[in-house]
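Trainee: Structural data only, the sequence is not supplied:
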């Protein structure tokens, strides 16, 4: 019986791969107007179908709550009328972006008269594997379409009803614009064997995999993938408050970075405070966090000053809580902050709160995370906030894509060389 199920899944996934590869060809040459027409139709379908999507989400939420998952997980899974409107608005924003396909990145002339152009082209077929966030279904589908790519979406079992309801709206939008309905496919089974099939590349059908989820998912993808991966590791994000920081600004930023939405990858997980201002800055920063409902896990040095804080262990410095918890330590200025971050960071997002330009320059120069912020919340680590019209995820690797993965990052390039009869001697 198990062998039969595995055979059926392999057959299903092979069909999905073939259909995606076939859809990628017309997508690569589709006009910007046609793709935008599809995107506008998708947004309209999602808005019109919001009651159906909410009903599907209710089923997913009930199942998740019955299984006893964390509050932060429920937040990522939950859809509301406002969030659905936000999903539709994000698709419209993507439609409004410049079409990257065919964009000339660079051009130059050679002494022999050859004119060379580097031009953006679609990647082909992208596989996106994600967990719990049904909005990724729309974001990934829309971004891949804008960049001229076919996409195969494999969401988590926890959000399957919500994601399928959203996917139906995307397919309706494709059809209305005369684009192939297999341009955006959703894997209809929750069996983990489907993930394994995608990681194998589906017999050459998939060109790149984008994982978006927890550490275990990304680790599996990186370990098993037979195609290139845009790695999205955990968001172990840090904030450093320097002695030159404005205290009022620091309080606002720290609370927002941790507590605005605790379940996103841009939420701050560790707060570092310059030891030189422990007497003036420590207590107000702790009061602000605790007033917002955050549990503070602190070093013994800090607990000697504020005894009722939870004791931090070494494991806290490497933990992505995705919850209303933050670890806090005092450090010896910018040098101490850099040392701590470079040891524990996942290279996602870090912020410095400081008025001293020399401190900011060292922070920006000596820390090599994908996103660095000065006097701003880590929750701005988001493609939409960067003006990219949304993202598939934050890539923490260093090859091809880094930081928010938007439409430009979902393209490759080719060279066009124009001559007038030149031959090589």
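Mentor: Structure received. Because the structure is a prediction, the values reported are computed rather than measured.
Trainee: got a list of what residue 57 touches?
Mentor: 77-79, 134, 161-162, 165 (Cβ atoms under 8 Å, 6 or more residues apart in numbering). C-beta coordinates here come from the backbone N, C-alpha and C atoms, glycine included.
Trainee: got the buried residues for whichever strand or helix holds it?
Mentor: Residue 57 is part of helix 50-66, with elements assigned from DSSP states H and E. Residues of helix 50-66 classed as buried: 50, 53-54, 56-57, 60-61, 63-64 (neighbour count, 16 or more other Cβ atoms under 10 Å).
Trainee: cool, stretch 29-45 as well?
Mentor: Buried residues in stretch 29-45, counting neighbours by 16+ other Cβ under 10 Å, are found at 30, 32, 35-45.
Trainee: distance of residue 119 from residue 109?
Mentor: Here the criterion is Cβ to Cβ, to the nearest Å. By it, residue 119 lies 16 Å from residue 109.
Trainee: out of the two, which sits in the busier spot?
Mentor: For residue 119 and residue 109, the more surrounded residue by other Cβ atoms under 10 Å is residue 119, and the numbers stand at 17 against 10.
Trainee: gap between the more buried one and residue 29?
Mentor: 13 Å.
Trainee: Please apply the same query to residue 162.
Mentor: Residue 162 is 33 Å from residue 29, where distance means Cβ to Cβ.
Trainee: other SSEs contacting the strand or helix carrying residue 40?
Mentor: In this assignment (DSSP H and E), residue 40 forms part of helix 32-48. Helices and strands touching helix 32-48, by 3 or more Cβ pairs under 8 Å, 6 or more residues apart in numbering; DSSP states H and E, are helix 81-95, helix 135-146, helix 160-176.
Trainee: which of those helices is buried the deepest?
Mentor: Most buried of the helices and strands packed on helix 32-48, by mean neighbour count (mean count of other Cβ atoms under 10 Å): helix 135-146, with a mean of 28.
Trainee: Might you calculate how far the very next helix or strand once past it sits from the centre of the chain?
Mentor: Remark: after helix 135-146, the chain's next helix or strand is strand 150-154, criterion DSSP H and E. Put simply, strand 150-154 sits 15 Å off its chain's centre (Cα atoms, centre = their mean, to the nearest Å).
Trainee: what's the answer for stretch 296-309, then?
Mentor: Remark: stretch 296-309 is offset 33 Å from the chain centroid, using Cα atoms, centre = their mean.
Trainee: Need the contact partners of that stretch.
Mentor: Contacts for stretch 296-309 (Cβ under 8 Å, 6+ apart): 278, 282-283, 286, 289-290, 310-313, 316, 325-330.
Trainee: mind listing what's buried in it?
Mentor: Across stretch 296-309, burial judged by 16+ other Cβ under 10 Å covers 296-299, 302-303, 309.
Trainee: quick one: which of those residues is nearest to residue 182?
Mentor: Minimum distance to residue 182 across the buried residues of stretch 296-309 is 48.4 Å, recorded for residue 297 (Cβ to Cβ).
Trainee: how about the closest one, secondary structure?
Mentor: Three-state assignment for residue 297 (DSSP: H, G, I helix; E, B strand; the rest coil): strand.
Trainee: what bridges to it?
Mentor: On the basis of DSSP bridges, residue 297 is bridged to residue 310, residue 327.
Trainee: Could you check how far it is from residue 355?
Mentor: For residue 297 relative to residue 355 (Cβ to Cβ), the value is 28 Å.
Trainee: just checking, what packs against the longest helix seen in the chain?
Mentor: Looking across the chain with DSSP state H, the single longest helix is helix 2-28. If contacts are counted by 3+ Cβ pairs under 8 Å, 6+ apart, helix 2-28 sits against strand 115-122, strand 125-130, strand 150-154, strand 184-186, helix 193-199.
Trainee: For the chain, give me the ranges with low pLDDT.
Mentor: Residues of the chain that meet the criterion pLDDT under 70 lie in 1-7, 233.
Trainee: What strand or helix carries residue 323?
Mentor: Going by DSSP H and E, residue 323 is not in any helix or strand.
Trainee: possible to save the buried residues of helix 50-66 as JSON lines with distance to residue 96?
Mentor: Shown next, in JSON lines, are those (distance: Cβ to Cβ, whole Å):
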{"residue": "50", "distance to residue 96": "21"}
{"residue": "53", "distance to residue 96": "23"}
{"residue": "54", "distance to residue 96": "26"}
{"residue": "56", "distance to residue 96": "28"}
{"residue": "57", "distance to residue 96": "27"}
{"residue": "60", "distance to residue 96": "30"}
{"residue": "61", "distance to residue 96": "32"}
{"residue": "63", "distance to residue 96": "36"}
{"residue": "64", "distance to residue 96": "34"}
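Trainee: can you tell me which residues contact the residue sitting furthest away from the middle of the chain?
Mentor: Going by Cα atoms, centre = their mean, the residue of the chain most distant from its centre is residue 425, 49.2 Å out. Contacts for residue 425 (Cβ under 8 Å, 6+ apart) come out as none.
Trainee: Which neighbouring elements make contact with the helix or strand where residue 361 lies?
Mentor: Using DSSP H and E, residue 361 sits in helix 357-366. Counting contacts by 3+ Cβ pairs under 8 Å, 6+ apart, helix 357-366 packs against helix 333-344, strand 349-353, strand 371-374.
Trainee: returning to that earlier point: list the buried ones in the longest helix of the chain?
Mentor: For helix 2-28, burial by neighbour count (16+ other Cβ under 10 Å) applies to 9-10, 12-13, 16-17, 19-21, 23-24, 27-28.
Trainee: Output those as TSV; include the columns distance to residue 217.
Mentor: Shown next, in TSV, are the buried residues of helix 2-28 (distance: Cβ to Cβ, whole Å):
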residue	distance to residue 217
9	18
10	21
12	21
13	18
16	20
17	20
19	25
20	21
21	25
23	26
24	25
27	27
28	29
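Trainee: quick revisit: if we take the buried residues of stretch 296-309, which one ends up nearest to residue 248?
Mentor: residue 296 (19.5 Å).
Trainee: Leaving out chain neighbours, which residue sits closest to the closest one?
Mentor: residue 309 (5.0 Å; Cβ to Cβ, 6 or more residues apart in numbering).
Trainee: all helices for the stretch 201-350 of the chain, in order.
Mentor: With DSSP state H, counting those that start in this stretch, the ranges of helices along the stretch 201-350 of the chain come out as 215-224, 247-259, 283-291, 300-303, 333-344.
Trainee: For the first one, which outside residues touch it?
Mentor: When you say that, I think you mean helix 215-224. The contact list for helix 215-224, computed with Cβ under 8 Å, 6+ apart, reads 129, 131, 195-196, 199, 209, 211, 229, 231-234, 320.
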